[in-house]
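1. Pasted the sequence and its predicted model underneath.
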Amino acid sequence: MNMDYYLNLVKNRMSEKRFVHSVNVSTTAFELSKLYGADAEKAKLAGILHDCCKEIPKEEMLQIIIDGGIILDDIEKNSDKLWHSIAGACYVRDVLKIDDTDIFNSIKYHTTGRANMSILEKIIFTADFISEERTYDGVEIMREKAFKDIDDAMLYGLQFTISDLSKRKLVIHSNAINCYNDIVINLEKKGLL
């Protein structure tokens, strides 16, 4: 994996602010991967590429998704904020030719999560929430949780997201609900709830 190649690629596909975020997610994912025993190189790569389609036109995102053989469900069709992660996963697989299911899923589900996430998927989901430039209320709590128990950090992030979407009367993808339920079950098994 030539990280310089991928760094230059994403730098040319996004604003400076989004590029800084992607570098920060990559760095955080690398740190979390060492803590949780995931492949550190995959974590860095998935982190740098996770938003590779975030700032392209919606029509282009949709075409990448269609070309990638993905059929959007009703919620995804009506929530274009979810498209960048799906398009990004397809772009990484189909255009960049990175044939790795775990990297694909880490990018595809970094926005919603899903049930039965791999450790790499959890790392990218969490790193996106806690990257260095993030300043939202509660980010320090989530950062602390992330380096103690990734499921606890994910629960915190999912509670924040589901509550925020609900208050704004926006749709909540079933993957987020399934992820939340899965994380609660995992934490109950660990005796942490």
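-> Ah, there it is.
2. Show the contacting residues for residue 154.
-> By C-beta atoms under 8 Å, 6 or more residues apart in numbering, residue 154 lies in contact with 113, 122, 125-126, 179, 183. Backbone N, C-alpha and C define where each C-beta goes, glycine included.
3. same thing but 6 Å
-> Neighbour list for residue 154: residue 183 [criterion: C-beta atoms under 6 Å, 6 or more residues apart in numbering].
4. The helix or strand encompassing it: how far from the chain's middle?
-> Per DSSP states H and E: residue 154 is located in helix 150-167. In terms of C-alpha atoms, centre = their mean, to the nearest Å, the centre of helix 150-167 is set 13 Å apart from its chain centre.
5. Going along the chain, name the helices of this protein.
-> Using DSSP state H, the helices assigned to the chain run over residues 3-11, 16-36, 40-49, 58-67, 74-77, 83-94, 101-108, 119-130, 139-146, 150-167, 174-189.
6. could you dump these to TSV with mean pLDDT?
-> Formatted as TSV, those follow (pLDDT from 0 to 100):
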stretch	mean pLDDT
helix 3-11	94
helix 16-36	97
helix 40-49	98
helix 58-67	97
helix 74-77	94
helix 83-94	98
helix 101-108	98
helix 119-130	98
helix 139-146	96
helix 150-167	96
helix 174-189	96
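7. how near is the residue nearest to the spatial centre of the chain to residue 59?
-> For the chain, residue 110 is the residue whose C-alpha lies nearest the centre (C-alpha atoms, centre = their mean; 1.9 Å). From residue 110 over to residue 59 the distance is 22 Å, taken as C-beta to C-beta, to the nearest Å.
8. cool, residue 118 as well?
-> 31 Å.
9. neighbour-wise, which of the two wins?
-> residue 118 (14 against 8; other C-beta atoms under 10 Å).
10. distance of that one from residue 158?
-> Residue 118 is 17 Å from residue 158, by C-beta to C-beta.
11. Equivalent analysis for residue 20, please.
-> 25 Å.
12. ok, now residue 131?
-> From residue 131 to residue 158 the distance is 17 Å (C-beta to C-beta).
13. circling back to that earlier point, neighbour count: residue 20 and residue 158, which is higher?
-> residue 158 (22 against 14).
14. wait, that one sits on residue 182?
-> No - between residue 158 and residue 182 there is no contact under C-beta atoms under 6 Å: 9.9 Å.
15. and residue 89, what is it in contact with?
-> Neighbours of residue 89 in contact, by C-beta under 6 Å, 6+ apart: 104, 107-108.
16. swap in residue 133?
-> Here residue 133 is in contact with 21, 24 (C-beta under 6 Å, 6+ apart).
17. Likewise for the one 10 residues further on?
-> Contact analysis of residue 143 by C-beta under 6 Å, 6+ apart lists residue 130.
18. ok, now the one 3 residues further on?
-> When the contact criterion is C-beta under 6 Å, 6+ apart, the partners of residue 146 are 126, 130, 153.
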